[in-house]
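In: what's the 3D shape of this:
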Amino acid sequence: MPFLRSLLHTLWMTVTVIPYTLVVLLARVLGLPLMTRWRVSCAWLRLSLQAARWFCGIRYRVQGLENLPTDPAQGVVLLVKHQSAYETFLLPTILPRRIAYVFKKELLRIPFFGWSINSVDMIHIDRKDGVRAFHKVVEQGRRLLGEGVWVTMFPEGTRVPRGKVGDYKSGAARLAIMCGVPVVPVAVTSARCWPRDGFVRHPGVVEVSIGKPIPTTGRKHEELTAQVQEWIEAEMRRLDPEAYPDAAPQQPATTPRLERV
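Out: Presented below is the predicted three-dimensional model:
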C-alpha cells in the first residue's frame, strides 16, 4: 500500500506540473511581473504538499517563524538541513519572503519542473566549475540579497540520510559574510517520511525548526559554519531522537510556534 500511495503521489505531481508550468512560461513570455510567476509556482508546490498528505499521510509542523526578520528589505542566507525533496517544496510555501535556491544546473533539464525554476530567478551552478561557480553565487546572491530575497543553500551540499551528518561546507557562510547579511539555520526531519533515495514515502510529521538569525559582521566563515552545524545537528537530535539513539536529550532551541497542514 505505501508503494501504491507513493506512486499515485508521483503521478499526481507529474500530471499537475504541466499546466502550472505552462502558465509560468506564458507569464514570462507576456512580460508579467516575476512575483506572478513565483505565486503560480508556489501554488503548485502547495498542492503537491497537500497531495503528499492525501496520498501518503505526510504532514508538517513548523516552529521558529517568529525568529525571521520582518524588514522586507533584509536579505538573509538560509542554511537548511537537506534530507529529501520535501523541504525544497515546503520552504517557498511557509516563508514570508521570496527565496532563491542555489542548485545544480542539471535540475534545469527536468521537463516542466526545470523550466519553472528557471523562470523564477534562482541561482543554478555547474559544480564542476569550482571557483567560477562560487563567483556566480556571490554575484547573483549579492543582487538578490540586495532586493530582500532570501538565498537558500544546503550546507552539506546534497541530501543526507536520516541520522547522519554530512560535510558542512563554508560557501553559504562566505556568501553571507561578503554580503553583510545574517544567516538563519533551519533543521528539517523530512527523511523520517520521505527517505533520501527511497521512492516509498511513509505517513508522519516532518518537523521544521527555524533558528534565530546569526550576525556575520566580523566573523570568519569557518567558525560561522561550525556554529550553524552545531545548532542544526543539536536540533535534529531534539526533533528526531529516534534517528540518534546515542544522543543525549536536547532542550528546545526556540520558542515554538506551530503550523500544520
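In: For residue 92, which non-adjacent residue is closest in space?
Out: residue 42 (5.3 Å; Cβ to Cβ, 6 or more residues apart in numbering). No exception for glycine: its C-beta is placed from N, CA and C like everyone else's.
In: and the most centrally placed residue in the chain, what is it in contact with?
Out: The centroid of the chain falls nearest to residue 88 when counting by Cα atoms, centre = their mean (4.3 Å). Counting by Cβ atoms under 8 Å, 6 or more residues apart in numbering, residue 88 makes contact with residue 101.
In: With residue 213 instead?
Out: For residue 213, counting by Cβ under 8 Å, 6+ apart, the contacting residues are 67-69, 76, 182-184.
In: How about residue 242?
Out: Counted by Cβ under 8 Å, 6+ apart, residue 242 has contacts residue 192.
In: Wasn't it part of a strand?
Out: No: read with DSSP: H, G, I helix; E, B strand; the rest coil, residue 242 is helix and lies in no strand.
In: Need the nearest residue in space to residue 107, chain neighbours excluded.
Out: residue 114 is the one closest to residue 107 (Cβ to Cβ, 6+ apart), at 5.5 Å.
In: elements contacting the host helix or strand of the one you found?
Out: According to DSSP states H and E, residue 114 maps onto helix 113-117. Here helix 113-117 touches helix 2-29, helix 34-56, going by 3 or more Cβ pairs under 8 Å, 6 or more residues apart in numbering; DSSP states H and E.
In: neighbour-wise, which of the contacts of residue 213 leads?
Out: residue 183 (26 neighbours; other Cβ atoms under 10 Å).
In: Show me what that residue bridges to in the sheet.
Out: In this structure, residue 183 bridges to residue 77, residue 214 when assessed by DSSP bridges.
In: who's in contact with it?
Out: 76-79, 172-173, 176, 213-214, 216, 224, 228.
In: how about a cut-off of 10 Å?
Out: Going by Cβ atoms under 10 Å, 6 or more residues apart in numbering, residue 183 touches 76-79, 151, 153, 155, 172-173, 175-177, 211, 213-216, 219, 224-225, 227-228.
In: State the distance from it to residue 92.
Out: 19 Å (Cβ to Cβ, to the nearest Å).
In: Over to residue 194?
Out: 17 Å.
In: quick one, which of these two is more surrounded?
Out: Counted by other Cβ under 10 Å, residue 194 and residue 92 do not tie: residue 194 has more neighbours, with 25 against 20.
In: Of the contacts of residue 183, keep whichever come out buried.
Out: The neighbour-count criterion (16 or more other Cβ atoms under 10 Å) marks 76-79, 151, 153, 155, 172-173, 175-177, 211, 213-214, 216, 219, 224-225, 228 among the contacts of residue 183 as buried.
In: List the buried residues in stretch 13-27.
Out: Result for stretch 13-27 [16+ other Cβ under 10 Å]: buried residues 13, 17, 20-21, 23-25, 27.
In: just stretch 161-177 next, same as before
Out: Going by 16+ other Cβ under 10 Å, stretch 161-177 has these buried residues: 162-163, 166, 168, 170-177.
In: Can you lay out these as TSV showing pLDDT?
Out: Listed next are the buried residues of stretch 161-177 as TSV, based on pLDDT from 0 to 100:
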residue	pLDDT
162	95
163	95
166	95
168	97
170	94
171	94
172	96
173	97
174	97
175	97
176	98
177	98
